[in-house]
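[1] Provide a 3D model corresponding to the input given below.
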Amino acid sequence: MGGYNWNFNAVFSYQDAIVGAALTTLQLALLTVIIGTVLGLALCIARMSGNKAVSALAHGLGEVFRNLPVLVVLIWIFYALPSFGFKLSAFDTAVVGLSLNLAAFSSEIFRAGINSVPKGQREASLALCLSEIQVMREIILPQAMRTIVPPLSGRYIETVKLTSLASVIAVNELLHVGGNIISVTYRPLEAYTAISLVYFAMITPLVYIMGKLEGKPWHAA
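    Numbers count the residues shown, from 1 in each chain. Just a heads-up that it's a prediction; the model follows:
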């Protein structure tokens, strides 16, 4: 029995489409990381607030989007929300769905990091007439980052991989374009191999950068 006859020529003829899909994937991942991180920090602050109603709401939202599969969230937002009068494009749906997932997980990462800082430091800082914002920005977060960065790095890398789920709602990211190429060329192994190499090329620098950040001294001057 002969082996598989590899032929990348047909796939390489669609390199412009692959490059465009890679740029879409990077844009989706970048927006998700920014929005998801900001929302996650906001959820963390709300969860740790003294207001029981706000804390309970933040906790509930976090639980919902941590426990729901991302694919289910994307499909629900894209197909169900229009029935309530809210219609988002496929790309915007992917940003919202992935950001909510990242926010749910990053909020717990932020909370664990903040709780790792001895409470006495906050009390001492407040006694020195620093505001709550100054205490968080200058005292708590710089120390908490040592605990926050490693797991948050993992979530960021996972987020890049999760962008592939956006193919289900026809976002022109890498996996969706790869599927289109397969339907034309009938070369699935070559197409998926090329897509895998592009993902590897995108994620490897991110792993390196996050590794550098993990080794950075985060203490405030």
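[2] list the helices and strands the strand or helix carrying residue 45 packs on?
    Assigned by DSSP states H and E, residue 45 falls within helix 15-47. Helix 15-47 is packed against helix 52-67, helix 90-115, helix 141-162, helix 174-185, helix 188-214, with contacts defined by 3 or more CB pairs under 8 Å, 6 or more residues apart in numbering; DSSP states H and E. In short, each C-beta sits where N, CA and C put it, glycine included.
[3] buried deepest among these, which one?
    helix 90-115 (a mean of 22; mean count of other CB atoms under 10 Å).
[4] so which elements touch it?
    Helix 90-115 packs on helix 15-47, helix 52-67, helix 70-79, helix 141-162, going by 3+ CB pairs under 8 Å, 6+ apart.
[5] can you state the direction angle for the first one and helix 141-162?
    Relative orientation of helix 15-47 versus helix 141-162 (axes from the mean of the first three to the mean of the last three CA atoms, to 10 degrees): 140 degrees.
[6] average pLDDT for the helix holding residue 45?
    Helix 15-47 carries an average pLDDT of 95.
[7] same question, stretch 115-135
    On average, stretch 115-135 scores 72.
[8] endpoint to endpoint, that stretch covers what distance?
    Distance across stretch 115-135, first residue to last, is 14 Å (CA to CA, to the nearest Å).
[9] the chain should start at 289 in everything you say after this.
    Sounds good: first residue 289 from here, last item stretch 403-423.
[10] list the contacts for the residue nearest the centre of the chain?
    Centroid-nearest residue in the chain: residue 447, 3.6 Å away (criterion: CA atoms, centre = their mean). By CB atoms under 8 Å, 6 or more residues apart in numbering, the residues touching residue 447 are 317, 320-321, 324, 386, 389-390.
[11] now with 10 Å?
    316-318, 320-321, 324-325, 358, 386-387, 389-390, 393-394, 494 (CB atoms under 10 Å, 6 or more residues apart in numbering).
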